[in-house]
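S.K.: coordinates only, no sequence provided:
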């Protein structure tokens, strides 16, 4: 009985949410950003996934970049009538169906705590939880890849438990190692490049997630499910 | 083969970039002045997107290990071939062992060296550009250093080069009616208001009215501007969204950043404007310390400029082989 419940989508997920009026703005003369007005949640992102597929098939479109409940459309050339492009995007948003990308499940082994968990103590203070609880809450959740961006192969993950929400740093760490498992606001992810980083590190994952020579360079894709596996907990 | 004899930091192999992978977080990259790459390649008879060397720190010196046709385009410096001054924006023949030397340009920032056959580094994800974010592509995924050797691609039937070379009128002069000259050291950069422009209220006008200085903390990723800070009237929490080169973001400090060729693929700072794509090549030639002013533009103007640039390149691409053949026939 319990198993049956867990494979059915929750009632919240299948209810048709009411779509609000999206907003379209310009970046330069060839790019158009459509932002969904609604909550930062899975239903909104499913419309964005559907919209991205529709718009990506338009002949005048060079590139479509889904973001977090938004999508940037880059045209091959500057359009004669930008307002017509805005209207087409809004139409496509209004008629976008909900698309749930099937995706694969990716398990990421994590060494929680230890030398790379530079911000675990700060998160504990902020959340009023012990390090053991923060780590457990992080690995017990199931995450969805909403979008990729920022660094090659970096996946923005949705599904962080609000109890371990942690704002981005106002002054980024100068050098955070590639592989650090981090929390930034309501998002979590694995750092893809060594360098300045404003997110908060709680552990380390030694998993190649980007290979430019591979036919599919990025391990993660939008719609994928991610689970963090506690390979080692060093507190 | 090309041997790098002397180079400063951050000189790289570039082409027109690898667009199409921003949705997996990969920066499009490519030359900061893509128009110079197109012209340089047209001059030496390559496909216009062949790989070239982008030189942004000088002096730069290389040796051609075999006789090679090359062109230098982009900046306003005169290249030296075995110590002899050459016309910029021109194609020339280097003999085996000849040394090409580039010195700091008087005003502009970046020179592009194109060779017939193109710089032959492996293509990765559809491009030979060096991706410094991620350290792949180009020559071993890194900037060039002294002693590096670069292969040159094969060319089936290159058009013969006239004895004294062949030069073109550079784009700033050829299209001076469309690209206003730099006056009192201030480059005018045309831009269109972006998503959060309205949040800046009066500071929005201050953004357009003032002259900004490109700070020394500027590179291929972006230009940080110095000037009177501008602040939005309300702080807003933005969700990460895709960005493109030319986007003018305003971080909390109030001094704008223009994302350039190695732009991050995603961002969340409020955007006040976006530089039109047709002006990015000029911005790519602006130097740290240089001054710029933003000028409100429109899609209509951007389209006109885009078409003019396409015509200019097409004209060179068609004319160069004809001139090469005609001049060689006369000898």
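M.R.: Arrived safely, thanks for sending. If you're wondering where the values come from, they're calculated on a predicted model, not measured in any experiment. Numbering: from 1, shown residues only, chains lettered A, B, ... in the order given.

S.K.: can you read off the backbone torsions of the residue sitting nearest the centre point of chain A?
M.R.: The structure's chain A has its C-alpha centroid closest to residue A:156; by CA atoms, centre = their mean the separation is 2.3 Å. Backbone dihedrals for residue A:156, given as degrees, to the nearest 10, come out at phi -80, psi 120.

S.K.: how near is it to residue A:75?
M.R.: Here residue A:156 is placed at a distance of 24 Å from residue A:75 (CB to CB, to the nearest Å). Just so you know, the C-beta spots here come from the backbone N, C-alpha and C atoms, and that holds for glycine as well.

S.K.: likewise residue A:137?
M.R.: When distances are taken as CB to CB, residue A:137 and residue A:75 turn out to be 43 Å apart.

S.K.: now do the contacts for the residue of chain A most remote from its centre.
M.R.: No residue in chain A sits farther from the centre than residue A:80, which is 33.6 Å out by CA atoms, centre = their mean. For residue A:80, the contact set (CB atoms under 8 Å, 6 or more residues apart in numbering or on different chains) comprises B:299, B:303.

S.K.: return the per-residue confidence for it.
M.R.: Note for residue A:80: predicted pLDDT of 96.

S.K.: any idea how far residue A:60 is from it?
M.R.: Looking at residue A:80 against residue A:60, where the rule is CB to CB, the gap reads 11 Å.

S.K.: repeat for residue B:94
M.R.: 43 Å.

S.K.: same deal with residue B:201?
M.R.: Looking at residue B:201 against residue A:60, where the rule is CB to CB, the gap reads 35 Å.

S.K.: which residues does the residue in the stretch 51-200 of chain B positioned nearest to chain A contact?
M.R.: Checking the stretch 51-200 of chain B residue by residue against chain A with CB to the nearest CB singles out residue B:195 as nearest, at 3.4 Å. Neighbour list for residue B:195: A:23, A:25-27, A:33, A:35, B:270-271 [criterion: CB under 8 Å, 6+ apart].

S.K.: could you do residue B:139 as well?
M.R.: Neighbouring residues of residue B:139 by CB under 8 Å, 6+ apart: B:12-13, B:121, B:130, B:148, B:150.

S.K.: if you rank these by neighbours, which is first?
M.R.: Taking other CB atoms under 10 Å in any protein chain shown to define a neighbour, the member of the contacts of residue B:139 with the most is residue B:130, carrying 30 neighbours.

S.K.: that one and residue B:150 touch, don't they?
M.R.: No. Checked against CB atoms under 8 Å, the pair residue B:130 and residue B:150 is beyond contact range at 11.7 Å.

S.K.: any residues in contact with both of the two?
M.R.: Counting by CB under 8 Å, 6+ apart, the contacts common to residue B:130 and residue B:150 are B:13, B:139.

S.K.: before we move on, back to that, ramachandran angles for the residue farthest from the centre of chain A?
M.R.: Comment: the main-chain dihedrals of residue A:80 come out as phi -70, psi -40, following degrees, to the nearest 10.

S.K.: residue A:136 too?
M.R.: The phi/psi pair for residue A:136 (degrees, to the nearest 10) reads phi -60, psi -40.

S.K.: and it, how far from chain B?
M.R.: To chain B, residue A:136 is 27 Å away according to CB to the nearest CB, to the nearest Å.

S.K.: how close does that residue get to residue A:228?
M.R.: In this structure, residue A:136 and residue A:228 are separated by 11 Å, where distance is defined by CB to CB.

S.K.: neighbour-wise, which of the two wins?
M.R.: Neighbour tally, residue A:136 and residue A:228, criterion other CB under 10 Å: the higher count belongs to residue A:228, 25 against 17.

S.K.: the one helix or strand the more buried one maps to: partners in the sheet, and parallel or antiparallel?
M.R.: Secondary structure from DSSP states H and E places residue A:228 in strand A:225-234. Taking DSSP bridges as the criterion, strand A:225-234 pairs within the sheet with strand A:105-113 (parallel), strand A:143-148 (antiparallel).

S.K.: buried stuff in the first one?
M.R.: Yep, that's strand A:105-113 we're talking about. A:106, A:108, A:110-113 (16 or more other CB atoms under 10 Å in any protein chain shown).

S.K.: for those, which one is nearest chain B?
M.R.: Out of the buried residues of strand A:105-113, the one with the shortest distance to chain B is residue A:106. That distance is 14.3 Å, counting by CB to the nearest CB.

S.K.: next one: phi and psi at residue A:30?
M.R.: Residue A:30 has phi and psi values of phi -120, psi -10 when expressed as degrees, to the nearest 10.

S.K.: wait, residue B:295
M.R.: phi -120, psi 130.

S.K.: tally of neighbours for it?
M.R.: Taking other CB under 10 Å as the criterion, the count of residues near residue B:295 is 14.

S.K.: what's the neighbour count on residue B:181?
M.R.: Summarising burial for residue B:181: neighbours were counted as other CB under 10 Å, giving 9.

S.K.: just the pLDDT for it.
M.R.: 91.

S.K.: other SSEs contacting the longest helix along chain B?
M.R.: With residue count as the measure and DSSP state H as the assignment, chain B has helix B:299-330 as its longest helix. Contact analysis of helix B:299-330 by 3 or more CB pairs under 8 Å, 6 or more residues apart in numbering or on different chains; DSSP states H and E lists helix B:34-44, strand B:166-167, helix B:171-174, strand B:186-193 as its packing neighbours.
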